[in-house]
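Asks: For reference, the sequence and a predicted model appear below.
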Amino acid sequence: MTTDTKASWHRNLFEHRSALFAVAMTVAISIGGIVEIVPMYTLAAKADTLAGVTPYTPLELAGRDIYVSEGCYNCHSQMVRPFRDETLRYGAWSRADEYQFDRPFQLGSRRIGPDVHRLGGKYPDAWHWEHMRDPRSTSPGSIMPPYPWLYEKTYDVEDIQASMKAMQTLGVPYSDQDIASAGENIQAQAAAIVANVGATGATAKGDEQVVALIAYMQRLGVDGRAALEAEAKAGGQ
């Protein structure tokens with residue numbers, strides 16, 4: 001067996017000098033972190049940011065909390081990449097400024113189920129109602145489990161208001177009036193979903209967690225899609 005007596009530059013420079021290696025690693029990680037973080041704080045100053053992206057309504061925010069608590073991000077991503085196969089299936093590729101009110105964002109890391117970033121408006125409320133009850137009734141062959149407890153458990157308005165206050169501290173522009181009137185807003189949006197679901201013969205009261213989840217799912221990608229369409233139309237004039 002032959003031994004290379006001449007050590008590599010990497011071994012001489014780093015592997016025998018742990019302190020230097022730690023400093024170099026810290027610098028590299030810091031540069032990567034700055035590249036990722038700085039754009040988040042400069043969106044407002046960019047001339048090409050999407051207009052019309054607004055915060056979630058109180059009911060949609062509640063649905064988002066349920067989405068996170070149920071681990072939906074483990075199977076569904078919320079990021080359409082700029083590749084033809086993705087845009088043909090899911091719609092326009094995702095823009096960074098669409099996530100400006102997501103705390104935290106739900107990009108996901110894999111797709112066991114389809115991407116949902118452009119899901120809003122694709123299916124009626126009743127479809128989502130049945131899909132969460134029995135996924136295979138709407139998507140034959142789906143391996144998604146049913147979520148029967150979402151039809152039994154209810155959301156709490158005070159908890160939603162607390163979430164809004166938390167988002168407010170993180171920079172989401174909820175006013176104190178928005179938080180105070182959350183109950184009325186929730187009731188109105190839930191009533192519309194109940195009416196849509198009831199039109200198919202299903203019975204919903206409006207305070208079930210699945211109603212909040214439906215509100216959230218129907219919001220996904222709506223603002224971004226509308227903004228991109230308006231942007232494309234303006235560019236064509």
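Replies: Nice, I can see it.

Asks: all contacts plus neighbour counts: C-alpha atoms, from now on.
Replies: Noted.

Asks: Using CSV, list the CA coordinates for stretch 116-125.
Replies: Backbone C-alpha positions of stretch 116-125 (Å, rounded to 0.1, in the frame of the first residue of the first chain) are rendered in CSV as follows:
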residue,chain,number,x,y,z
VAL,A,116,-51.5,23.2,-3.5
HIS,A,117,-50.1,26.7,-4.0
ARG,A,118,-52.5,27.4,-6.8
LEU,A,119,-55.4,25.3,-5.4
GLY,A,120,-57.7,28.2,-4.5
GLY,A,121,-60.8,28.1,-6.6
LYS,A,122,-59.9,25.0,-8.5
TYR,A,123,-62.6,22.9,-6.7
PRO,A,124,-65.9,24.0,-5.1
ASP,A,125,-66.2,24.1,-1.3
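
Asks: what comes up buried for that stretch?
Replies: In terms of neighbour count (16 or more other C-alpha atoms under 10 Å), stretch 116-125 has its buried residues at 116-120, 125.

Asks: One more: stretch 71-79?
Replies: The neighbour-count check on stretch 71-79 (16+ other C-alpha under 10 Å) flags 72-74, 76-79 as buried.

Asks: Among the buried residues of stretch 116-125, which one sits closest to Met167?
Replies: For the buried residues of stretch 116-125, the residue nearest Met167 by C-alpha to C-alpha is His117; the value is 20.7 Å.

Asks: can you tell me which residues contact that closest one?
Replies: Counting by C-alpha atoms under 8 Å, 6 or more residues apart in numbering, His117 makes contact with 77-80, 90, 94, 220-221.

Asks: give me the low-pLDDT residue ranges for the chain?
Replies: In the predicted model of the chain, residues 1-7, 9-10, 13, 40-51, 231-232, 234-237 satisfy pLDDT under 70.

Asks: Got the domain ranges for it?
Replies: For the chain, automatic domain parsing gives the domain ranges 9-45, 58-236.

Asks: And the helix or strand hosting Ala62, what does it pack against?
Replies: Assessed by DSSP states H and E, Ala62 sits inside helix 58-69. When contacts are defined as 3 or more C-alpha pairs under 8 Å, 6 or more residues apart in numbering; DSSP states H and E, helix 58-69 sits against helix 157-169, helix 182-198, helix 209-219.

Asks: would TSV of the ones you listed with mean neighbour count be doable?
Replies: Below are the helices and strands packed on helix 58-69 laid out as TSV (neighbours: other C-alpha atoms under 10 Å):
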stretch	mean neighbour count
helix 157-169	16
helix 182-198	17
helix 209-219	25
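
Asks: Touching the host helix or strand of Gly33 from outside, list them.
Replies: Applying DSSP H and E as the criterion places Gly33 in helix 18-42. Identification of contacts with helix 18-42 by C-alpha under 8 Å, 6+ apart yields 14-15, 100.

Asks: neighbour-wise, which of the residues you listed leads?
Replies: Counting neighbours by other C-alpha atoms under 10 Å, Gln100 comes out on top of these with 19 neighbours.
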